[in-house]
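*Asks:* generate a structure from the sequence data that follows.
(one chain, ligands or ions: 1)
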Amino acid sequence: MTLFSERLYQSSRPIWERSHRHPFLTELRDGTLSPDRFIYYLKQDYVYLIDYAKLFALASVKSPDLETMHKFAELYHSTLHVEMELHRQYAERFGVPRAELERTKPAPTTIAYTKYMLDIATNGSLAQVVAALLPCMWSYREIGVTLAAIPGALEHPLFSEWILMYSSDEFGQLTDWCIDQINRLADGLPERELARLEEHFLTTSRLEYLFWDMAYRLEEWPV
Ligand SMILES: Cc1ncc(CN)c(N)n1
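*Replies:* This next block holds a predicted model:
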């Protein structure tokens, strides 16, 4: 029997491939990404992560047992204290005060992405929450591991810490745990519900692409 995660992986391939080829990531890989684009990304990602962390809190509340609650609480903690700490350290290097990071006004794409997931986390099942939040972790792990394998990428003076974070074993293990969860939660669900989970996964995969694009375009409200 094919794992549900394999179905998600296959159906999202064309979208993820477009993200891999996006200039934000190819320039980050080549070390030519302009600092203003990276700073814009950092600031938007910081406010994105504040909402993203809340998904883990809500997933913890919806968990069927203590072990699952613990793990989502660990993901919540790790987002606030490990992943966001990377952003705080980068911000310091770029001279962006911590308070300014937190006060970042979310751009249209950031709002679309975070509010889409928070709506599911508030109103949907645990399976739906995990389907919606998974591309964030899984695609970053894939990007991190791909970039880390490129000779010299881990020596880059600016981007090496970012690549190290997303290619790390710790991040990889948390990602694998979430993949395992979607397989457990999808087990035995009717096709109608599986298709709904797949739709959430594809939508947030598209929003991942749009997030790179937003940062590259330094997106602003048009009016
Ligand atoms: C938009 C986005 N997607 C994913 C990740 C990895 N947690 C992130 N930091 N930001």
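*Asks:* who in the protein is up against the ligand?
*Replies:* 45, 48, 49, 83, 136, 137, 140, 208, 211 (Cβ under 6 Å from any ligand atom). C-beta here means a position set from N, CA and C on the backbone, and glycine is covered the same way.
*Asks:* may I see these arranged in CSV, with pLDDT and neighbour count as well?
*Replies:* Converted to CSV, those look like this (pLDDT from 0 to 100; neighbours: other Cβ atoms under 10 Å):
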residue, pLDDT, neighbour count
45, 98, 21
48, 98, 23
49, 98, 18
83, 98, 20
136, 98, 23
137, 98, 21
140, 98, 19
208, 98, 23
211, 99, 25
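*Asks:* of the residues you listed, which belong to helices?
*Replies:* With DSSP state H as the criterion, helices contain 45, 48, 49, 136, 137, 140, 208, 211 from among the residues of the chain next to the ligand.
*Asks:* so which residue is dead centre in the chain?
*Replies:* With distances taken as Cα atoms, centre = their mean, residue 136 lies nearest the centre of the chain, 2.5 Å away.
*Asks:* for that one, give me its contacts.
*Replies:* By Cβ atoms under 8 Å, 6 or more residues apart in numbering, residue 136 lies in contact with 52, 204, 208.
*Asks:* and for residue 98?
*Replies:* Counting by Cβ under 8 Å, 6+ apart, residue 98 makes contact with 88, 91, 92.
*Asks:* quick check, residue 91 in contact with residue 40.
*Replies:* No - look at residue 91 against residue 40 with Cβ atoms under 8 Å: they stay out of range, at 11.9 Å.
*Asks:* and the strands in this structure?
*Replies:* For the chain, applying DSSP state E gives no strands.
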